[in-house]
Structures are given as structure tokens and as C-alpha cells.
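Asks: Please find the sequence and the predicted model below.
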Amino acid sequence: MTIPFLKMHGLGNDFVVIDARTRPVPLTAAHARAIGDRRRGVGFDQLILIEPPQDKVADIFMRILNPDGSEAGACGNATRCVASLVGKGLGRDELVIQTISGLLRCWLHEDGTVTVDMGPARLDWQQIPVAEPCDTLHLPASAGPLSDGVGVNMGNPHAVHFVPDAEAVDLTQWGPQLERHPFFPDRANIEVVSVTGPASVRMRVWERGAGITDACGSGACAVGVAAIRRGLVQGRRVSVTLDGGVLNIEWRDDGHVLMTGPVATSFAGTLGPELLGETL
Ligand SMILES: N[C@@H](CCC[C@H](N)C(=O)O)C(=O)O
């Protein structure tokens, strides 16, 4: 079996996107690891499967796999990419994407950017989740210079750390330690953030199951929410600058987080037996 795919990215956060709406593509964690290996495979930050929806109000179901084979409940940048791809295919500028975490409404704009309603920010300690009751505005887990994080779940777990200079943090050293800290039973995506203006921040990310990436959409949402909760920015809109560019985040009064940013397609390719094995 060979499987066609598109390589897409949001701010350099790159995805192998497979359209499995008309035929099932039963990829396993082992397949994800093989395809995701940038030396042997195609390489990706996330593998995205577009499947038929299980909910009547949704247009598609989006499955998200990390390069370590783990499944994620949210991927903001891929949601924009998939919304753009599917929306253009259907001739629609508004659609609903279902994930294992819920339903996400998306809007395609004339300038090519996409807005996603990433759903409500979940802030209770059980929702992050963390190992024991605590104030999620001040998480007690630490590693090296990273401490006093803010816990936010955007369909996936994030621990946001405000630091004087986000560029100065060795994420390769401290990211994996915090990702797998026993305080985070589901592991966590780790963000380091410096405030750069009254409504702007600079963020770098260590993604759970992927490592350092150029951008993380759900992470930018978590960072916007954390900055607002801490009173570090004015208002409820935050411009988040990542290595790959800027995402605009709005935390609405009803608790939902809106993320707006660009979408890009790099190339089309095919996955063959050398990566999928003979069993698929
Ligand atoms: N790149 C993503 C996040 C992908 C999932 C994450 N690594 C996790 O395991 O939760 C984004 O844009 O949100």
C-alpha cells in the first residue's frame, strides 16, 4: 500500500497530513515513529490523519500523532492547516473539526490566515492534569531555571514559565526534564516566555513527544491565557512571537481561546512500504 500525503506547516511547525476520509489508514505508533524520523523517514512535528467525523455537527475528525508515537489531544497549527485544506476542498470558509478533545470551529479568511476556536482553557489541577491539588497559577514543579509555571490545558497539557529572557533558556536541557517530571502524569508541553510589550510576548517551546519546534499553536494559546491570568499583559488579546512567526491569541470572556495565524503547504509526497512495512 502507498499513501499520498501533503507536507504542511504553520509557522514552521510541520505536519505530514494524510486524507483518510475515503479509505481507512490504520497507522500505528510504530509507523508514526518511522515516518517521523527525519534521518530515515519524511520527518514531521506531528502526523495528522483526516478521518470521517464521529459527530454529526463536525465536518471531519482530526487525529494527531507525535513523532515519538504518542497521540495528542490538540494541535493548533495543524488545525489551521487542515481547516484551510478541507475548507477549500469543500468550498467553505467555516467548518468544524472534531478531535479527541472536542469540537473546534474554524474560519478561513481572505488573506489566507485561519482562526480556530480552540475551546475553553481548562485550568483546574485535575484538568491539566497534575499529580496533586495545587493552584495552577503557581505550579510547584521545577527544573533548573524553570519554576513557578502556570498550568493550562488546551486539549493538551501545558506548563508556561515566565522568564526574564526566553532566548537564554537551554530548552534542550530543561524541556525534557520538565516534560517528564512526575508532577505531570500525562507529561506536558513546556513553554518559556518573556513579556515584550503591553500585549505581546516572546515564546519558545519544548513540545511533548516532539522536542523543540518552531511554533506550537496550542502552546501560544496557553501562553496567552497564562499571561492574562498573571496580569502580565493588558486586555484579553496577546500577540505571541514564536521562532517561526506570530500568532494572535484572544481569550474570550466565555473562556474560549481564539487563535489566528498563517498556513502553508510545502510539497506532496507518497509513503511506501519502506516506511509502512508490508502489513498496511
Ligand atoms: N504543535 C502543536 C502541538 C502538538 C501536540 C503536542 N506535542 C502534545 O503532545 O500535546 C500545536 O500547534 O498545538
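Replies: Now that the structure is in, tell me what you want to look at. Because the structure is a prediction, the values reported are computed rather than measured.

Asks: Pop out the phi and psi values for the spatially most central residue of the chain.
Replies: In the chain, the residue lying closest to the centroid (CA atoms, centre = their mean) is residue 75, at 3.0 Å. For residue 75, the backbone dihedrals (degrees, to the nearest 10) come out as phi -150, psi 100.

Asks: Would you mind giving me the confidence score for it?
Replies: On the pLDDT scale, residue 75 is placed at 98.

Asks: quick one, what contacts it?
Replies: The neighbours of residue 75, taking CB atoms under 8 Å, 6 or more residues apart in numbering as the test, are 15, 46, 48, 62, 64, 156, 217, 218. (Glycine included, C-beta is placed from N, CA and C.)

Asks: Export those as TSV, with columns for pLDDT, secondary structure and distance to residue 262.
Replies: Formatted as TSV, the contacts of residue 75 follow (pLDDT from 0 to 100; DSSP: H, G, I helix; E, B strand; the rest coil; distance: CB to CB, whole Å):
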residue	pLDDT	secondary structure	distance to residue 262
15	98	strand	14
46	98	strand	17
48	98	strand	17
62	98	strand	18
64	98	strand	19
156	98	coil	21
217	98	helix	11
218	99	helix	16
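
Asks: Let me see the contact set for residue 3.
Replies: 18, 25, 270, 271, 276, 280.

Asks: please redo it, this time with the cut-off set to 6 Å
Replies: Counting by CB atoms under 6 Å, 6 or more residues apart in numbering, residue 3 makes contact with 18, 25, 271.

Asks: now swap in residue 162 and tell me
Replies: By CB under 6 Å, 6+ apart, the neighbours of residue 162 are residue 193.

Asks: Quick check on it: phi, psi?
Replies: phi -90, psi 130.

Asks: what's the spacing between it and residue 187?
Replies: Between residue 162 and residue 187 the computed distance is 21 Å (CB to CB, to the nearest Å).

Asks: what's the spacing between the closest residue in space to residue 114 that isn't next to it in sequence and the ligand?
Replies: Using CB to CB, 6 or more residues apart in numbering and skipping the chain neighbours, the partner closest in space to residue 114 is residue 80 (4.0 Å). Distance, residue 80 to the ligand, by CB to the nearest ligand atom, to the nearest Å: 9 Å.

Asks: Now do the buried residues in the strand or helix carrying residue 80.
Replies: Counting by DSSP states H and E, the element that carries residue 80 is helix 76-90. Of the residues in helix 76-90, 76, 77, 78, 79, 80, 81, 82, 83, 84, 85, 86, 87 count as buried by neighbour count, 16 or more other CB atoms under 10 Å.

Asks: For the residue nearest to residue 109 when sequence neighbours are not counted, which three-state class applies?
Replies: Spatial nearest neighbour of residue 109, chain neighbours left out: residue 115 (7.0 Å); criterion: CB to CB, 6+ apart. Here residue 115 is recorded as strand under DSSP: H, G, I helix; E, B strand; the rest coil.
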